[in-house]
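Asker: Make a model of this:
(chains A, B, C and D)
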Protein chains: 4
Amino acid sequence: MSSIFGKLFTISTFGESHGGGVGVIVDGCPPRVEISAEEIQSELNRRKPGQSKITTPRQESDLCEIVSGVFQGKTLGTPIAILVRNKDARSQDYDEMAVKYRPSHADATYDAKYGIRNWQGGGRSSARETIGRVAGGAIAKKILHQIAGVEIIAYVKTIKDISASVDQETVTLEQVESNIVRCPDSVAAEKMIELIDQIRREKDSLGGVVECVVRNVPKGLGEPVFDKLEADLAKAIMSLPATKGFEIGSGFEGTLLTGSQHNDEFYLDEAGNTRTMTNRSGGIQGGISNGENIVIRAAFKPTATIGKEQKTVTKEGEETVLAAKGRHDPCVLPRAVPMVEAMVALVLCDHLLRHHAQCGLDI
Amino acid sequence: MSSIFGKLFTISTFGESHGGGVGVIVDGCPPRVEISAEEIQSELNRRKPGQSKITTPRQESDLCEIVSGVFQGKTLGTPIAILVRNKDARSQDYDEMAVKYRPSHADATYDAKYGIRNWQGGGRSSARETIGRVAGGAIAKKILHQIAGVEIIAYVKTIKDISASVDQETVTLEQVESNIVRCPDSVAAEKMIELIDQIRREKDSLGGVVECVVRNVPKGLGEPVFDKLEADLAKAIMSLPATKGFEIGSGFEGTLLTGSQHNDEFYLDEAGNTRTMTNRSGGIQGGISNGENIVIRAAFKPTATIGKEQKTVTKEGEETVLAAKGRHDPCVLPRAVPMVEAMVALVLCDHLLRHHAQCGLDI
Amino acid sequence: MSSIFGKLFTISTFGESHGGGVGVIVDGCPPRVEISAEEIQSELNRRKPGQSKITTPRQESDLCEIVSGVFQGKTLGTPIAILVRNKDARSQDYDEMAVKYRPSHADATYDAKYGIRNWQGGGRSSARETIGRVAGGAIAKKILHQIAGVEIIAYVKTIKDISASVDQETVTLEQVESNIVRCPDSVAAEKMIELIDQIRREKDSLGGVVECVVRNVPKGLGEPVFDKLEADLAKAIMSLPATKGFEIGSGFEGTLLTGSQHNDEFYLDEAGNTRTMTNRSGGIQGGISNGENIVIRAAFKPTATIGKEQKTVTKEGEETVLAAKGRHDPCVLPRAVPMVEAMVALVLCDHLLRHHAQCGLDI
Amino acid sequence: MSSIFGKLFTISTFGESHGGGVGVIVDGCPPRVEISAEEIQSELNRRKPGQSKITTPRQESDLCEIVSGVFQGKTLGTPIAILVRNKDARSQDYDEMAVKYRPSHADATYDAKYGIRNWQGGGRSSARETIGRVAGGAIAKKILHQIAGVEIIAYVKTIKDISASVDQETVTLEQVESNIVRCPDSVAAEKMIELIDQIRREKDSLGGVVECVVRNVPKGLGEPVFDKLEADLAKAIMSLPATKGFEIGSGFEGTLLTGSQHNDEFYLDEAGNTRTMTNRSGGIQGGISNGENIVIRAAFKPTATIGKEQKTVTKEGEETVLAAKGRHDPCVLPRAVPMVEAMVALVLCDHLLRHHAQCGLDI
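Answerer: Residues are numbered from 1 along each chain as shown, chains lettered A, B, ... in the order given. This next block holds a predicted model:
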């Protein structure tokens, strides 16, 4: 188990789906940053279950408590501990899953690795662990915005084969939050909601793609050759539950172009800044941000836990079938949007500090 | 700059395209592993330039020297330093690039970040830095194979829109190495070679997809929630030059399925082992290897350095055009194959040790 | 701020003296270790304030809650979060210290570094932060004892110029706990208690030396050249509040001997094991444990916070005097004993896992 | 084996006493720092063997090559690889030590840990590994001096019971280098040299204490609670070969004082800066530098390898005697002086960058 993320701006998360609670310690946060429990809560509310008909009906208020690290409304530079208690735990729903492995879920691999597993609601492999990420990400977002005006906006780009049309330059948080599927294209959003609701009734599930655009990124973030900005973003995204793919800029589609078609030619803008005419690089070249918008995409598979009957085996080694009870999302995408934003914010904030450390001294 | 990779089995690489040389220190390697310079050399030879008409004509023998850490043919458990000298350095080819930024290359971002740059041949951003990765990966491969019979085989899956048909269960290194494009589908390989050769003559470049299959992976590798196996693989791959996307198992295509279509149902094999009927998970569930084949894909963009004239700007802030001289690959994919294998091996070997540390004690 | 310690068996601590509470996340713990809140509590009780007339009168029950990571009495391999609430917070005692810096305390340096400080009771620099260390150390101790029968026993060796006579081979926890100063030499203990009580009444404070002996240490722990076992022990000890010095084995006294006097000659014991006739090495040679007892000593300065009037300056830059209110220990040593044991346990447990990772595979 | 040191300014060292060579990669170095091989060489020359009659007669010029990371006289921000070849390797001297363990040396523990050992001249446990530290430290020193005028001066404080009198405010490098024992008190130095020369003829060895003073340290360096500045210094020093103890400021002697005697009272200097009247804290309070001189001491045991006959055992488990051949120092202290300076410089430079990262942003 490795629940620590980041080199300088670090989060250390804890908690199972059922038990005392979940949370995070944010270590290495710059001092004197104004932060309130309300700001963190507003991000947690975007992630919490039971927020609409297309999410899991589990009811959790997910109220956060800042236990340490903030004094008179400002960060101390000391570890910020944030705790969210578990409430609506119906562990009896999971009795069957104590013995039967859910296909494509973490049940079997946790047992294989650890020889023990909290089988109530997924335990540590539950998406509930992302509460700590989102809480830490809220602080990272605040710092990025305050220092450099950075804007991080994620949204649902596709659900199954329904694709949204989104203008990366202008899309706003308000547009994303204007509907329950968190897709800023209202026409596509309506179709997505309808499809998810239908699949939910069929006891099946759906996947899709979340896109994230970051505007006003300072130049120079990222540390080749291993901690290239896109490498750390890829790790951050692929550590989220249910992700199967990551792209930056042109992504897999970019392999269909020739170099002369794909390259982002340079020009000078009116202020004399070096800019690119196109942005197939997705805001990062050679592992370092170039000041253009960072654009990434994450593929989320259809939720593994479904009510439909599937073939599986038991812990004791017998073949059987399972139709999962418990409460689960028919599609994780709407709630994945704030998770993606949080992970992107954590990576960028960490690299902001790292870049400042190596290249910000007066040599 | 962050040139250290891995937590327990660690590589620390160094070197620019032009200068004294490139290389790696492998730290944390288990003791008493038999390893020879020849074994490392054979992997370096797959990566070296000038190996065929579809790679860069730069001539480097890339002969490696083991400077430390190996005694009487076995690893000591101490740091293994490996050095490769630079030879065929024609830095005059790069005079123009000292002032003109190559579009979609790292020239401009390195200058923005560091305020200084070795402009000879790409300096640190040259793919030449991957020599250290491939050398370290050779040792990781050896350990994985010796401990668990792990087989890591990467190959070119697509070049532009030419796609190969490959059987992941049976593909061999010999098939991969049977042609200069490293595609085990000989029919597709021939088309690929032809296309690359044509685009080379047009002073343009091509991209594509490398697929990597890993067989005989022990169950239990990977450390949720942040160091999930696919997360560390994603970072490893996305730290390679020219990568734009990463997929595991079903990848982006998997988002078009419903959960009941996508889930890998379990069964018991003849030996009583828990196995999956399909492998859309790509060998990893919940961040932990499940014993099935690991299958990943990496998108490589078309080479940024091309001979065709492109619009760009100079370091001093003037708009200009550039038709790159210097020697470069029209398509990086054939030489990227051993790089992908090396990065996968490094991640798996590190996690083999990590898993053994946390879960291998006799509790 | 850097509140994470350990490479594989990792603790991440949080909390200020006054505020919501203090605690720890233990990450990387092996699964299936039996652990109860009671076991952790018994260590915390040795550390808690108000336990005798020679410790601070602050009343805190320091009851711990295991929030995550333990299921049905066993560790899950997931992060173990432990929370202790703050109770007896009389922050009004500290109003004066909001502006006046306590000499030789962390007040001035925290302000200089962070530009902000929780001045209530020392904030993060309070010894209250060691609760997280002791809680984590309790788990480390359990593992070390279970795997290898390791015994870690610390005790007060000197208070000022009063020195105890202790037999490292036979000293027991019961002897240490038999008096309130935690010195197993009952004659010396009585003198120590008397002296501390007297200095308390004089509103002054005392320092001394804690010695720690570790028996049944497995051979092979420690990772040269930087993570030598004594180097990591030194860091662990010197990270405790009020420490000014660290010794292993012969320590500073050893510099008065010649090599032929100092060297530990080897012999074979009855079982054929390589042993040393003397133990000036303190159980570690070349950075690696040799199976003999590990013996270290830590110097703790006299408590900085005293009731006597001292010259100081204010945050606003005016010279003044301060006679500290608030509740504080006249001598930290009795309560430092479990802290030293905890830090030693954390280092050894981490290295147990690390050694198993690099050298425990079947090569 | 763990041969990586530092969090942001990182060194990764390699090399055995006999074999291809030794060296270091410095990663995370700020760009545009002027550095030459000559500057590094001058520090290596202070460390090299054969420099006087009181050091080992092994002849090594220890000439360094900068392989990467420096371009046109300035650091690139990329990894700086520095290589020193081994020359005067008389491995036949060590045939006996291939089977007989030197008492209090690392021979037996390396065999116990790794099951293999390069027995030529100590292999990795030879003090020859410190070449990489000293080379890296030379760069750290340069940065510290350039950014903040930091001066790091170590010297021999005692040899056996001969103690030097040194003024920490005024001692200079020239004074230290004015004699072969590196003790700035010329009267004591003469006695020390005489004693070492005598003990050398007796085929025995001596130990002593190196003191290091650091002037012009910026306030604010150090990261509580685990990476306190004194904790990282302690680890750095205790990772050096032959160290048995570490002190900061008042050290073990400080435990004989009461709090009112020990505390460093504050005053305002003419410029209005908060200063301390005394410096028993050794320049660090609460884990953070306070701007006063940092003063530390390191105890070095007498050299373990001696020509006198001692009882020992063989690798095969037989009792025997050993009178060591090979060339070794009768006293490591003179050559340890630049090693101590290097380790102190590495810690301070790392923390300079770390402090700048967390607290140097414009919040």
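Asker: quick check, the helix or strand harbouring residue A:353 touching chain B?
Answerer: Applying DSSP states H and E as the criterion places residue A:353 in helix A:333-359. Yes. Applying Cβ under 8 Å from any Cβ of the partner chain, one finds that helix A:333-359 is in contact with chain B at A:354-355, A:358-359. C-beta coordinates here come from the backbone N, C-alpha and C atoms, glycine included.
Asker: for the residues you listed, which one is nearest residue B:119?
Answerer: Distance to residue B:119, by Cβ to Cβ, is smallest for residue A:359 among those, at 18.2 Å.
Asker: Run a quick neighbour tally on residue A:62.
Answerer: Neighbour count of residue A:62, defined by other Cβ atoms under 10 Å in any protein chain shown: 21.
Asker: Helix, strand or coil: sort out it for me.
Answerer: Three-state assignment for residue A:62 (DSSP: H, G, I helix; E, B strand; the rest coil): coil.
Asker: Look up the closest residue to whichever residue of chain A sits closest to chain D, ignoring the ones flanking it.
Answerer: Nearest residue of chain A to chain D: residue A:357, at 3.6 Å (Cβ to the nearest Cβ). Spatially, and ignoring its direct neighbours in sequence, residue A:357 is nearest to residue D:357 (3.6 Å; Cβ to Cβ, 6 or more residues apart in numbering or on different chains).
Asker: Report the contact partners of the one you found.
Answerer: A:8, A:353-354, A:356-357, D:8 (Cβ atoms under 8 Å, 6 or more residues apart in numbering or on different chains).
Asker: let's see 6 Å
Answerer: Listed by Cβ atoms under 6 Å, 6 or more residues apart in numbering or on different chains, the contact set of residue D:357 reads A:8, A:353, A:356-357.
Asker: who wins for most neighbours among these?
Answerer: Counting by other Cβ under 10 Å, top hit in the contacts of residue D:357: residue A:353 with 27 neighbours.
Asker: picking that back up, closest to chain C out of the contacts of residue D:357?
Answerer: Among those, and counting by Cβ to the nearest Cβ, the member closest to chain C is residue A:8, at 9.2 Å.
Asker: I figured that closest one hits residue A:28, correct?
Answerer: Yes. With contacts counted by Cβ atoms under 6 Å, residue A:8 reaches residue A:28, the gap being 4.9 Å.
Asker: Model confidence for the nearest residue to residue A:349 once chain neighbours are set aside, exactly?
Answerer: Leaving aside its sequence neighbours, residue A:349 sits nearest to residue A:140 (Cβ to Cβ, 6+ apart; 3.7 Å). Listed pLDDT for residue A:140 reads 98.
Asker: same deal with residue A:76?
Answerer: With respect to pLDDT, residue A:76 has a value of 98.
Asker: Could you tell me how many residues sit around it?
Answerer: Residues near residue A:76, counting by other Cβ under 10 Å: 26.
Asker: And for residue A:317?
Answerer: Neighbourhood size, residue A:317 [other Cβ under 10 Å]: 10.
Asker: With residue A:15 instead?
Answerer: For residue A:15, the count of nearby residues is 30 (other Cβ under 10 Å).
Asker: before we move on, the earlier item: for residue B:146, state which of the contacts of residue D:357 is nearest.
Answerer: residue A:8 (37.3 Å).
Asker: Could you pull out the buried residues of stretch A:187-199?
Answerer: Residues of stretch A:187-199 classed as buried by neighbour count (16 or more other Cβ atoms under 10 Å in any protein chain shown): A:188-189, A:191-193, A:195-197, A:199.
Asker: Over in the stretch 51-200 of chain A, which residue gets nearest chain B? Let me know.
Answerer: The minimum distance from the stretch 51-200 of chain A to chain B, using Cβ to the nearest Cβ, falls at residue A:106 (2.3 Å).
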